[in-house]
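S.K.: Sharing a sequence plus its predicted fold:
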Amino acid sequence: MKKTYAVLALTAVSFAAAALVWQSRTQNREDEIKEIRIGIALYRGNDPFINSLRSRLEDKAKEYEQATGIRVVLDTADPKGNQNTQNSQVERFLSLGCDALCVNMVDRSAASYVINKAMDADAPVIFFNREPVEEDMKRWERLYYVGENARESAVLQGGILVSAWREDPRSLDLNGDGRVSYVLLEGESSHQDSLIRTEWSVQTLKDGGVPIERLTGGIANWDRSQASALMGQWLEEFPGEIELVICNNDEMALGAADALERAEEDRPVRIVGIDGTPQGLEGVKKGKLFGTVRCDIGEYAEVIFAIAAAEALGQDVHGQVELMNGIYYECGQEAVTAEDLK
Ligand code: GAL
């Protein structure tokens, strides 16, 4: 929370500073900045988490326009999961004269192409959500990354289950055999968050003394219908055995819930997700999901936008947002159960 306020305060300062810059520049007509142009390259527009972030970014742009009088042109592109398409979209943004790019890489290991083009055009890049490799991030001082700490998400997710176990072991060990039999739904194998979330959710359960037993697991690429299909198979493969479903995100958690509904499963199998998307939180409220980890999406959008706008106006980013190693920003997150949403 403290971090959020710091960012808000800094952003307020940045808006005020931008207003001043604008004011002084309007006095000098030759150097007038009336408009900034920001390109937002998504990896896939139909990803619900990315979609809520996109709409928050649009809100931030409007707030900024109102606070500063500077018009913000946001160009958004959806390459539908294709890296070549994204590369062309980035080139188009640059040819349109974007002052800053916000890039959610399709393939996080392919950032060097985007970086080369941006460096040639002298346009800064704020990568988000899909983290380029460190080597790429160090190539230029006008590259940034905004995301979440994957280990923190997972420790918070595991913590929800450890608390439930301590309160009532039978809420997780449904058949009372002394073990919690779980299945695990993972995001894309190439995504930095999948591996780390999986590892630390399980580790947190072990550290918390929950006797877990893995039945099976699989990759459902963050996707609700892929998760639902996998979970459907597992319910047939392990009839009456699955007691817990650990999911790397809310969409897959909702997919698992769909499969349980389809199978007319009447045991209270627990499902946990990560993201706290509107759909995920609704699932928690309705009792379909046992819990999730809500990312502070407002802070996420605020920081991406603050860096992009400061860069576009040639201001000192580091004086406005506190960045780790001058490059990275990790957004806040919190564990959420139905109890918290009452
Ligand atoms: C993760 C998020 C997923 C998905 C993915 C896309 O951080 O939890 O739901 O949006 O990013 O890169």
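M.R.: Yep, that arrived. No experiment lies behind these values; they were computed from the predicted model shown.
S.K.: rest of the way, CA atoms for contacts and neighbours
M.R.: OK.
S.K.: Low-confidence ranges, the stretch 1-150 of the chain, go.
M.R.: Scanning the stretch 1-150 of the chain with the threshold set as pLDDT under 70 gives 1-31.
S.K.: at 80 what do you get?
M.R.: Within the stretch 1-150 of the chain, the segments meeting pLDDT under 80 span 1-32.
S.K.: ranges for the helices of it?
M.R.: Using DSSP state H, counting those that start in this stretch, the helices assigned to the stretch 1-150 of the chain run over residues 2-27, 48-68, 83-95, 111-121, 134-137, 150-167.
S.K.: Mind checking what secondary structure residue 336 has?
M.R.: Recorded secondary structure, residue 336: strand (DSSP: H, G, I helix; E, B strand; the rest coil).
S.K.: From what I see, residue 227 and residue 185 are in contact.
M.R.: Yes. Between residue 227 and residue 185 there is a contact under CA atoms under 8 Å: 6.9 Å.
S.K.: And stretch 222-236, what's buried?
M.R.: Judged by neighbour count (16 or more other CA atoms under 10 Å), stretch 222-236 contains these buried residues: 222, 223, 224, 225, 226, 227, 228, 230, 231, 232, 234, 235.
S.K.: which of the residues you listed lies closest to the ligand?
M.R.: Set against the ligand, the nearest of the buried residues of stretch 222-236 by CA to the nearest ligand atom is residue 222 (5.5 Å).
S.K.: The closest one and residue 44: what is the separation?
M.R.: 11 Å (CA to CA, to the nearest Å).
S.K.: wait, does stretch 106-124 make contact with the ligand?
M.R.: No. For a cut-off given as CA under 6 Å from any ligand atom, stretch 106-124 has no contacts with the ligand; the smallest distance is 8.1 Å.
S.K.: who's in contact with residue 341?
M.R.: Residues in contact with residue 341, defined by CA atoms under 8 Å, 6 or more residues apart in numbering, are residue 285.
S.K.: quick one, phi psi at it?
M.R.: The phi/psi pair for residue 341 (degrees, to the nearest 10) reads phi -100, psi 0.
S.K.: Excluding covalently adjacent residues, which one is nearest to the residue most central in space within the chain?
M.R.: Geometric centre of the chain, nearest residue: residue 129, 5.1 Å, by CA atoms, centre = their mean. Of all residues not flanking residue 129 in the chain, residue 147 sits nearest, at 4.9 Å (CA to CA, 6 or more residues apart in numbering).
S.K.: That neighbour: neighbouring residues, count only.
M.R.: 20 (other CA atoms under 10 Å).
S.K.: thought it was touching residue 327?
M.R.: No. Using CA under 8 Å, residue 147 is not in contact with residue 327; the gap is 11.2 Å.
S.K.: and the residue of the stretch 101-250 of the chain nearest the ligand?
M.R.: Closest point on the stretch 101-250 of the chain to the ligand, by CA to the nearest ligand atom, is residue 249, at 4.8 Å.
S.K.: need the contact list for that residue.
M.R.: By CA under 8 Å, 6+ apart, the residues touching residue 249 are 187, 222, 273, 274, 275.
S.K.: Give the bridge partners for the last one, please.
M.R.: What that stands for is residue 275. Beta-bridge partners for residue 275, by DSSP bridges, are residue 294.
S.K.: Which pLDDT value belongs to it?
M.R.: Looking at residue 275, its pLDDT is 98.
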